[in-house]
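> let's see this in three dimensions:
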Amino acid sequence: MKTECLLDAVLEPGGLTTRVQPIFEISSRGQRLHAVECLSRGPRGTILESAGVLFEYVRRKRREPVVDRACVGTILETVRCLPPDVDVSINVHASTLGGDRQFADFLLQTAEENLVAPSRIILEVVEQTPSWDRPGLISSLHMLRENEVRIALDDLGSGHSHYRTLLDCKPDYVKVDSSIVVGCGSDPYRHAVLDSILHLGREFGALPVVEGVDRYSDLETLLTMGFTLVQCYLLAAPMTVEELRACEWFSRRSNYNRPSLLVRDMVSQRRSPSVVGPLAPALRQLELVR
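Below is the predicted model:
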């Protein structure tokens with residue numbers, strides 16, 4: 001497919017699809033579903049099927065607002081079949097929130113059309129460009145927050161995600177980039193950075209979510225430190241909404257399940273990332289994966 005036709009393929013009906021990845025809350029009482037992050041994929045069979053390639057292409061073309069709107073529309077239409085107690089996290093570029101002054105209205109209207117209450121939505125602010133309209137960003141977030149949408153700052157510690165944006169967004173969640181997480185079990189410097197994020201989260205009233213955990217030793221360290229929200233392939237890979245609803249644990253999603261078993265099993269198994277998958281015995285016992 002020619003490059004100039006790729007964006008048309010993204011925006012045409014069916015050009016975008018949605019996967020969801022669970023965010024689990026883990027504590028001494030057990031584990032339960034906290035929310036799902038909605039992940040957009042480009043047209044099947046094209047180079048834009050990969051999310052990384054898709055959004056890099058969109059940013060190079062400076063078409064973030066139009067594609068973000070298309071992603072939000074597809075996502076909200078997809079998740080309307082989920083029960084009303086399942087919260088959904090949606091990624092939007094900071095440049096879109098700053099430059100598209102009608103975006104907040106669009107999101108709220110689209111949510112209403114798809115019977116998704118704004119209080120169920122967590123808006124993840126994605127920073128992948130060096131600058132954007134700060135007053136516009138702050139105004140958009142204010143309107144969304146007034147309508148009970150919660151705000152998350154994505155990939156804290158990576159790229160253009162920095163303290164100034166933290167002050168602008170005053171997020172309800174901070175998502176910790178995998179570059180900080182991976183290896184934290186044996187790296188005192190990563191441990192120190194993570195400890196500072198925990199402290200920062202407490203001061204801001206923001207819940208930290210750790211992403212990209214691929215080792216049981218790292219997860220053990222994170223849980224011991226006090227992190228409770230985890231999103232990673234180690235626990236569950238992105239899946240379709242239909243696959244999510246078919247998970248055995250999904251019917252018990254609001255309850256804590258099997259107290260302390262998850263951490264104990266991880267510590268005892270010490271499985272390498274290469275053998276962890278949807279049927280990994282340690283996680284299969286916990287019914288945390290499909």
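> ok, and the closest non-adjacent residue to residue 106?
The shortest distance from residue 106 to any non-neighbouring residue, by Cβ to Cβ, 6 or more residues apart in numbering, is to residue 69 (6.0 Å). Any C-beta I mention is one placed from the backbone N, CA and C, and that applies to glycine too.
> any idea how far residue 59 is from that neighbour?
15 Å (Cβ to Cβ, to the nearest Å).
> try residue 168
Computed as Cβ to Cβ, the residue 168 to residue 59 distance reads 20 Å.
> what does residue 103 give?
Counting by Cβ to Cβ, the gap from residue 103 to residue 59 is 16 Å.
> more neighbours: these two, which one.
Comparing residue 103 with residue 59 by other Cβ atoms under 10 Å, the one with more neighbours is residue 103, at 22 against 16.
> test my guess that the more buried one contacts residue 65.
Yes: the criterion here is Cβ atoms under 8 Å, and residue 103 meets it with residue 65 at 6.9 Å.
> need the residues touching each of those two.
Residues within reach of residue 103 and of residue 65 at once, by Cβ atoms under 8 Å, 6 or more residues apart in numbering, are residue 96.
> helices along this protein, start to end?
Taking DSSP state H as the test, the helices found in the chain are 3-11, 51-60, 64-79, 94-99, 103-113, 134-146, 163-169, 178-181, 188-204, 216-225, 241-246, 261-269, 281-284.
> distance of the nearest residue to residue 80 once chain neighbours are set aside relative to residue 74?
Excluding its sequence neighbours, the residue lying closest to residue 80 (Cβ to Cβ, 6+ apart) is residue 114, at 4.2 Å. Plainly put, residue 114 is 10 Å away from residue 74 if you go by Cβ to Cβ.
> what does residue 177 give?
Note on residue 177: its distance to residue 74, by Cβ to Cβ, is 25 Å.
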